[in-house]
Every structure is written in structure tokens, then in C-alpha cells.
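> Just a sequence and a predicted model for now, questions to come.
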Amino acid sequence: MTMFPGRTFRYLFLVVALVSPVFGAGSPAPRISLFVDASETPRKIFHARMTIPAKPGTLTLFYPKWIPGEHGPTGPIEDLAGLKFTANGHALPWRRDLLDGWTFHVEVPAGASSVETSLDFISPAGREGIYTGGATATDRMAVLNWNAMLLYPAGWTSDELTYGASLRLPAGWKFGTSLPVASQSGDEIKFAPVSLTTLIDAPVITGQYLKVVPLNAVQTPPVEMDIAADSAAALEAPADVWEHYKNLVAQASALFGAQHYRDYHFLYSLSDHVAHFGLEHHESNDSRLGERALVDPEQRLLGSGLLSHEYVHSWNGKYRRPADLATPDYEKPMQTDLLWVYEGLTDYLGEILTGRDGERTPEQFRDSLADTAADLDHRSGRAWRNLQDTADGVPSMQGAPPQWESWRRPLDYYDEDELNWLWADTIIRQQTHGQKSLDDFCRAFHGAPGGTPQVKTYTFEDILSTLNQVAAYDWRGFWIERLTDHGPEAPLGGIDDSGWKLVYDETRSEWVRARESDKASVNAKYSIGLLLKSDGLITDTVEGMPAAKAGIGPGMKVMAVNGRKFSPTVLRDALREGKNSSSALELLVENTEYYKTFKLDYHDGEKYPHLVRDESKPDLLTDIIKPR
Ligand SMILES: [Zn+2]
């Protein structure tokens with residue numbers, strides 16, 4: 001998973017599921033037929049019908065709750081509507097479980113052998129919601145996630161249950177998916193029966209404008225990109241875009257040495273009206289960015305790294321998975337303590353692949369790394385919570401707002417672990433005198449023999465033992481320190497040991513400028529500790545830095561700087577001019593309808609991060625992002 005801003009709160013209910021399976025041990029697992037009618041996609045309503053084998057008595061059904069890759073109980077239950085059960089033509093009474101809102105109990109009458117179930121998935125009509133519960137449909141395209149459109153019976157694992165799915169699309173729309181197709185007639189597709197695990201792991205992208213781009217003409221297994229957009233123009237990317245993604249497939253193959261999919265589909269949505277995120281699957285990824293993500297140079301730069309991150313997950317997260325994230329169904333809670341491997345290592349590998357495949361130039365790669373390092377170097381929340389806690393706590397922090405991010409530090413197991421895995425990479429190189437690198441770890445841990453999708457679980461001890469096979473070192477001590485350290489500085493050992501230094505100057509890098517432009521924001525975090533929208537609204541303050549110390553906080557709005565109406569340029573000019581002045585920086589701020597002037601005794605100018613070469617050390621970073 002990769003999160004993009006624009007998410008809303010979702011409440012976590014701590015519950016105990018009361019499960020009363022109808023089928024006893026030894027009964028054959030039911031085969032369920034599922035028909036989804038997506039012909040009303042532009043209205044954002046999807047109709048599903050299921051035939052579920054049943055016996056007289058209470059039938060307990062679950063709506064999928066813990067969705068793989070979402071790391072929390074995020075199954076979009078609030079978007080389930082129109083629920084109806086019948087048997088032999090008669091409506092059946094049902095009741096939701098009082099302790100778990102995702103569980104339903106249906107009374108099956110004598111003489112019935114199956115229950116006809118119908119339900120609607122009402123997809124968000126705005127941009128609210130996250131992941132598979134986020135906005136998913138527009139006038140011209142949609143992504144269908146099966147977990148949002150079905151129920152499953154208690155008593156079996158998701159591997160044991162078989163679903164035969166079929167789908168009706170809007171007239172004339174095309175589709176892409178890793179789910180094997182049995183037959184197609186007009187706008188109706190019948191898929192081969194698969195386990196519930198495989199079905200939920202195989203979303204379908206569909207649209208009026210759908211472009212299919214093969215990404216490996218000669219190698220097997222085949223890899224393709226299936227892109228749906230809100231316009232045909234959004235699909236007309238320059239040739240180098242496709243070259244970079246072909247390189248990504250080749251470079252990932254060189255990194256891991258084997259694949260764990262039959263074929264692979266990048267399902268890529270380009271729309272300003274769907275939720276923006278990436279969600280990994282074994283044989284596909286569901287990645288969603290703005291409509292112009294392939295054709296606008298700035299959007300291309302900012303979007304680089306999303307597809308490589310999600311692709312890496314096929315190996316790290318889907319094939320190799322922390323044992324306590326590999327649950328038997330979607331009801332049992334997941335434990336997220338090893339997300340610093342699942343997401344942190346994926347983040348590192350996804351980033352370095354953007355250098356190896358050409359998505360980013362070496363300078364763009366370094367600017368992005370510098371931005372990540374600088375952000376974490378101003379992470380006040382490290383004082384109260386360590387990195388391990390950011391992973392442990394995520395199921396209960398899904399959708400935290402951007403305000404107070406530095407003090408809350410909700411998802412640092414992504415970015416901070418990018419720095420930690422870089423550090424681990426440099427240690428392996430030093431310990432083996434350049435003979436080995438983290439690539440060797442990946443080949444040993446994620447590689448051969450390859451083949452069809454399977455899950456091979458691991459523990460912390462397995463990580464340590466594979467690292468030690470590659471290069472003997474005190475890895476236990478290294479990771480415990482990294483996971484429990486309280487800073488205050490970011491873990492910059494990997495940048496330092498790879499021959500570079502994090503510095504600040506007054507020039508915004510192309511990366512920082514693009515980020516500011518995309519988010520209509522002003523990044524003054526590293527000077528006065530403020531992150532603002534371009535209208536002056538304060539998104540975040542960094543505890544301990546001048547703005548916070550003066551009494552300014554998130555949610556306030558800067559109206560004027562040194563007596564002049566606020567604009568990003570006025571603020572930047574004032575920060576620069578403050579270097580040659582003994583006067584305080586004066587910010588007129590509105591807070592809940594009250595105005596107040598804050599004086600910041602700050603004279604160090606603008607500060608933006610960069611990496612500069614440390615000539616006293618070998619340049620490992622350049623080697624790390626060289627194509628293999
Ligand atoms: Zn991820």
C-alpha cells in the first residue's frame with residue numbers, strides 16, 4: 001500500500017466476532033456463484049447477487065473487513081446497502097451482529113439448500129474514503145474490488161471457499177485483470193472459478209478508454225499495463241514513459257531473480273475523481289493517480305515510484321509475508337509489527353528502482369531522498385514514539401489527518417525505514433568489501449524457485465538469519481536500535497556511508513518545487529517549522545521550531561507577513577530578507593475567527609534539503625541506483 005493525501009477518518013471498533021458456522025468440520029467447502037452488475041458505474045452503484053449453499057439454521061456471513069495490504073479493519077461496510085436474502089422465493093430475516101458490524105446472521109428455513117443474496121456497493125460519490133472503500137468510479141472508468149461486493153460464509157478459510165464470478169460492464173467498456181477469464185459474451189464476462197483469496201486479490205479495471213501496454217515482449221511470465229483514464233488524451237504518454245516501465249520489469253527481474261505470478265497486470269487509474277493510492281496484489285496492483293500523471297512532466301515526476309513500490313510488493317508483502325499478517329480470512333485481525341519490512345523495505349526497493357529504470361534521473365532520486373531525510377530529521381514525534389510503535393499502531397490510526405503529522409508521525413515505518421534499509425545496504429557493502437549488497441538479500445529472501453502465487457511467511461528471526469547469510473554483522477543490535485531509537489535526528493547513517501551528506505540551502509530542488517506546486521503548499525518546515533497551503537492555512541507545525549515555539553499551530557491561517565498580505569512569495573521574501581535584519585518576522589494569524597500577531601526571532605533564511613557529495617568516501621549511492 002501507498003497512501004496519498006485526501007483521506008478521512010474511519011473509526012475502529014474493537015470487537016469479538018461471534019462465529020457459529022453452519023457447516024461442521026468435514027463438510028465440503030461451498031462453491032458460491034457471484035454476479036456483479038457494473039452497468040450503472042457512472043451512478044457509482046454496483047449490484048451483486050450471490051447463491052450461497054446453506055443448511056436450515058443460522059447462517060453467519062461476513063463482509064470482508066481486514067483487507068490485505070490495507071493494514072486495518074477498512075472493509076467499506078458503510079457502503080454496503082440493499083442487502084436482501086431469500087430462499088425458495090421467500091425473504092429471510094437477518095440481523096447484524098451486535099459486536100461486529102461486518103457480520104450478519106441469516107435464518108435459513110427448513111427445506112432450503114441455498115440462500116440467494118443480493119447487495120449493492122454504493123461507491124463514494126466524492127473524493128472521500130480510502131483504499132478499496134475510496135472513490136472508485138467516474139463517468140468513464142472504474143476499478144472493481146471484489147471484497148466490496150460480496151459476503152462469505154463463516155466456517156472456512158478464504159483458501160477453501162470457491163467463487164465463480166461473472167461481471168456485466170457498461171456497454172462497450174474494455175477491461176483488464178489478472179483473474180482468468182473463462183468466456184466473454186458482449187459486455188458480460190465469466191471468470192474461471194477461483195478461491196476467495198484469489199478473487200479478492202484480483203481486482204478488475206474497466207473503462208471507455210482503456211489502453212493495454214505489454215511491458216515485456218520476450219520474457220515470460222507476461223507483464224502488461226492496463227490503464228483506464230477519464231480521457232483518451234491522458235493515455236497518450238511520451239515513448240520514454242513506456243520504456244521506463246519496461247525497464248522496471250526487467251530491473252525487478254534482475255533484482256529478485258524469479259517471479260511469483262502467472263502473469264502480472266499493472267491496473268493503473270488516471271482520474272482526478274477517484275481516491276489516489278496504490279494497493280498491492282500478487283499478480284496485479286491497483287494504482288490510482290491524477291488524470292495527467294502520464295503526460296504532465298511534473299505529475300510524472302511526482303508519480304514516479306508508485307508503480308515500482310506496488311510491483312515490489314508482489315515479492316515483498318504478497319509472496320514473502322510476515323507470519324502474523326497472513327490471516328486465514330478477512331475477519332481475523334492482522335498484527336502489523338513487521339510492517340517495517342513489508343512496507344519499509346518495499347519503499348526502499350521501489351525508490352531505488354526508479355533510478356535503475358530511468359523514471360528518475362540520479363539528481364531527482366537524490367532530491368527525493370534528501371526531502372525524505374529532511375522531513376524525518378524534523379520529526380518531533382520521535383521523542384514520544386519509536387519507529388516500532390508506528391508499525392504496531394497503524395490499524396487504529398488509518399486515515400489520520402495531515403494536521404499534526406510531525407508530532408503524530410503516523411506512518412514513519414515507510415519513509416524512515418527507507419533510510420534504515422539504505423543503511424543496511426551500505427553495511428552489507430562495507431562488510432563484504434563491495435562483493436555483496438542488499439540485492440543479494442533480495443535474491444535469497446524473495447527469489448527462486450518462483451512460479452504460481454503462494455505465501456511464504458517469515459518472522460523477525462528469518463530476516464536476521466538471511467541478512468547474516470549475506471554478511472555477518474550484529475543485525476539484531478542494528479534493527480533493535482533503529483526500531484527503538486528516540487533520536488532526535490533521523491537515521492542518516494546510510495546517506496553518510498554511501499558518500500553523501502544532507503545539507504540545506506536557499507534553493508528549492510525540482511522535487512520540492514513540484515511537491516509544493518502539486519499540493520498548493522509552501523514548505524517552510526526546515527526554516528521556521530511551518531507547512532502551509534498556498535492560501536496561508538497551516539497544515540503542520542514542527543514542535544520545538546520557531547513557529548511552534550511562538551504559539552502557532554495547525555489549523556491557523558497566516559494572513560500577513562511583516563504587514564503585507566500573505567502569499568508564498570511574500571513569505572519566502574521575508575525569510576530571505578530576515579537574514580540581514582534584526583527585526584523579528586511578524587506573522588498575522590487568524591485562529592477560529594480571532595486575529596493575533598506572532599513575532600518569530602528567526603534570521604537563518606530559507607532552508608531546502610539537498611544531498612552533496614562527501615569526497616572522503618566512495619560513492620555507493622550512485623552504484624545503488626545504476627541499472628543492473
Ligand atoms: Zn506498500
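Yes, it's here.
> So which bits of the stretch 201-350 of the chain are right by the ion?
The stretch 201-350 of the chain has residues Glu343 near the ion, with proximity defined as Cβ under 5 Å from the ion. All C-beta spots, glycine's among them, are computed from the backbone N, C-alpha and C.
> all strands of the stretch 201-350 of the chain, in order?
In the stretch 201-350 of the chain, the strands defined using DSSP state E, counting those that start in this stretch lie at 204-207, 210-214, 223-229, 264-270, 277-280, 284-289, 320-322.
> how about the strands in the stretch 1-150 of the chain?
2-3, 31-37, 45-53, 57-62, 80-87, 90-91, 94-96, 103-108, 114-122, 141-144.
> the longest helix in the protein is where?
helix 412-431 (DSSP state H).
> So which bits of that helix are buried?
Across helix 412-431, burial judged by 16 or more other Cβ atoms under 10 Å covers 412-429.
> quick one: low-confidence parts of the chain?
Low-confidence segments of the chain (pLDDT under 70): 3-26, 127, 219.
> Now with 50, please.
In the predicted model, the chain carries pLDDT under 50 at residues 5-25.
> got a list of what the residue in it positioned nearest to the ion touches?
Using Cβ to the ion, the single residue of the chain nearest to the ion is Met1, 4.2 Å away. With contact taken as Cβ atoms under 8 Å, 6 or more residues apart in numbering, Met1 is in contact with Gly69, Glu70, His71, Tyr131, Phe277, Gly278, Leu279, Glu280, Glu343.
> can you give me the strands in the stretch 451-600 of the chain?
456-458, 500-505, 521-524, 530-533, 538-541, 557-561, 564-565, 585-591, 594-600.
> hey, C-alpha coordinates of stretch 288-306 in PDB?
Taking C-alpha atoms only, stretch 288-306 is exported to PDB below (Å, rounded to 0.1, in the frame of the first residue of the first chain):
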ATOM      1  CA  ARG A 288      -4.600   5.500  -8.900                       C
ATOM      2  CA  LEU A 289      -3.300   8.900  -9.700                       C
ATOM      3  CA  GLY A 290      -4.500  12.200 -11.300                       C
ATOM      4  CA  GLU A 291      -5.600  12.200 -14.900                       C
ATOM      5  CA  ARG A 292      -2.400  13.800 -16.200                       C
ATOM      6  CA  ALA A 293       0.000  11.600 -14.300                       C
ATOM      7  CA  LEU A 294       1.500  10.100 -17.500                       C
ATOM      8  CA  VAL A 295       1.500  13.200 -19.700                       C
ATOM      9  CA  ASP A 296       2.400  16.200 -17.500                       C
ATOM     10  CA  PRO A 297       6.200  16.200 -16.700                       C
ATOM     11  CA  GLU A 298       5.700  17.400 -13.100                       C
ATOM     12  CA  GLN A 299       3.000  14.900 -12.400                       C
ATOM     13  CA  ARG A 300       5.200  12.200 -13.900                       C
ATOM     14  CA  LEU A 301       8.000  13.100 -11.600                       C
ATOM     15  CA  LEU A 302       5.700  13.100  -8.500                       C
ATOM     16  CA  GLY A 303       4.000   9.900  -9.600                       C
ATOM     17  CA  SER A 304       7.300   8.100 -10.100                       C
ATOM     18  CA  GLY A 305       7.800   5.400  -7.500                       C
ATOM     19  CA  LEU A 306       4.200   4.400  -7.000                       C
END
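> Flag every buried residue along it.
Taking 16+ other Cβ under 10 Å as the criterion, stretch 288-306 shows 288-295, 299-306 as buried.
> now do stretch 57-64
So for stretch 57-64, counting by 16+ other Cβ under 10 Å, buried means Thr58, Leu59, Thr60, Leu61, Phe62, Tyr63, Pro64.
> out of those, what pair is the most spread apart?
Thr58 and Pro64 (20.2 Å; Cβ to Cβ).
> one step back: out of the strands of the stretch 1-150 of the chain, flag the one nearest Ala192.
strand 31-37 (12.5 Å).
> Tell me which strands that closest one pairs with, and in which orientation.
strand 45-53 (antiparallel), strand 162-168 (parallel) (DSSP bridges).
> how big is the angle separating the first one from strand 57-62?
The reference is to strand 45-53. Angle, strand 45-53 to strand 57-62, by axes from the mean of the first three to the mean of the last three Cα atoms, to 10 degrees: 140 degrees.
> For strand 45-53, give me every contacting residue.
Contacts of strand 45-53 (Cβ under 8 Å, 6+ apart): 30-38, 40, 59, 61, 82, 113-123, 137, 144, 148-151, 153.
> and the angle for that strand with strand 80-87?
Using the same axes, to 10 degrees, strand 45-53 lies at 30 degrees relative to strand 80-87.
> repeat for the shortest one
Using the same axes, to 10 degrees, the inter-axis angle of strand 162-168 relative to strand 80-87 is 120 degrees.
> Next SSE downstream of strand 162-168?
strand 174-177 (DSSP states H and E).
> which outside residues touch that next one?
167, 169, 189, 202-208, 210, 212, 224, 226, 228, 265, 267, 284.
> Filter those residues down to the buried ones.
167, 169, 189, 202-208, 210, 224, 226, 228, 265, 267, 284.
> For the buried residues of stretch 288-306, work out which two are farthest apart.
Spanning the widest gap among the buried residues of stretch 288-306 are Glu291 and Gly305, at 18.8 Å by Cβ to Cβ.
> Give me the spatial nearest neighbour of Ile189, chain neighbours excluded.
Nearest non-adjacent residue to Ile189, counting by Cβ to Cβ, 6 or more residues apart in numbering: Leu167, 4.9 Å away.
> give me the beta-bridge partners of the one you found?
What pairs with Leu167, by the bridge criterion (DSSP bridges), is Val36, Ile189.
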